[in-house]
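# pasting the structure only:
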């Protein structure tokens, strides 16, 4: 595997379900990100982890719970979601923030539908 | 506050036409970085280019070229001799020095028809 991978690619869940999204990066990076992409909206940064420590949390509802067990893996735990949470969830990785030059590399995303 | 504006929501061209995607940004920082990403229908954002605020030299990579002008706070992207495979949503983004957050524009959907 190369780059950034995400599983599952598609997920349909009811409002009372609990599920998790998984992201794995194979680039040797030490920062990872969760973004939400809704129709006709700019990408919204949800969480940032640097060296496995959460460094940014952009007022995301508590029904989204991130976990970063190591620098290669990032999870987004979902519970009691709302229909408006339906979106494409993108994971990205980069060198740690503060490094002079870095780009974020994105995974293919998980298309989430909440019914 | 920083902001990225991509005024063109959707552009349609015929194959082999040249097309320019506009990006205008706002930032109070003197050091910042600009990016372009491509998002094909598969969903993955593909990194295309990074430009540093202190380097105004334009760049060309194959059929792609970028025009960075600090005087007008613009970072425009031109595709020469467009191809059907160029059809995608293109995002311009801005990051200030030392910060992790990328501020994205709303994207421009480019449709290249045969």
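Thanks, I have the structure now. What you are looking at is a predicted structure, and each value in this text was computed from that prediction instead of being measured. Numbers count the residues shown, from 1 in each chain, chains lettered A, B, ... in the order given.
# and residue 55, how many neighbours?
You didn't say which chain, so I picked chain A. Neighbour count for residue A:55, taken as other CB atoms under 10 Å in any protein chain shown: 14. All C-beta spots, glycine's among them, are computed from the backbone N, C-alpha and C.
# You answered for a different chain; I wanted chain B.
Around residue B:55 there are 10 residues (other CB under 10 Å).
# Quick check: the gap between it and residue A:84.
41 Å (CB to CB, to the nearest Å).
# Spatially nearest residue to residue B:97 (excluding sequence neighbours)?
Of all residues not flanking residue B:97 in the chain, residue B:31 sits nearest, at 4.0 Å (CB to CB, 6 or more residues apart in numbering or on different chains).
# Now do the same contact list for residue 3.
Looking at chain A here, since you left the chain open. A:25, A:26, A:27, A:105, A:107 (CB atoms under 8 Å, 6 or more residues apart in numbering or on different chains).
# I was after chain B.
Residue B:3 neighbours (CB under 8 Å, 6+ apart): B:25, B:26, B:27, B:94, B:103.
# Over to residue A:32?
By CB under 8 Å, 6+ apart, the residues touching residue A:32 are A:23, A:25, A:48, A:49, A:68, A:71, A:74, A:91, A:92, A:93.
# any idea how far it is from residue A:19?
Per CB to CB, residue A:32 is found 19 Å from residue A:19.
# Next, count neighbours for residue A:5.
Neighbourhood size, residue A:5 [other CB under 10 Å]: 15.
# what do you get for residue B:12?
Other residues near residue B:12 number 12, with proximity taken as other CB under 10 Å.
# Just give the closest residue to it, not the sequence neighbours.
residue B:111 (4.6 Å).
# any residue of whichever strand or helix holds residue A:69 up close to chain B?
Taking DSSP states H and E as the definition, one finds residue A:69 inside strand A:64-70. No. Legend: contact between strand A:64-70 and chain B by CB under 8 Å from any CB of the partner chain is lacking; minimum distance shown is 13.8 Å.
# elements contacting that strand?
On a contact count with 3 or more CB pairs under 8 Å, 6 or more residues apart in numbering or on different chains; DSSP states H and E, strand A:64-70 meets strand A:44-50, strand A:53-57, strand A:73-79.
# If we use 6 Å, what do you get?
With contacts taken as 3 or more CB pairs under 6 Å, 6 or more residues apart in numbering or on different chains; DSSP states H and E, strand A:64-70 sits against strand A:73-79.
# as a whole number, average confidence for whichever helix or strand comes after the strand it packs on?
The C-terminal neighbour of strand A:73-79 among helices and strands, as given by DSSP H and E, is strand A:87-94. Strand A:87-94 comes out with an average pLDDT of 95.
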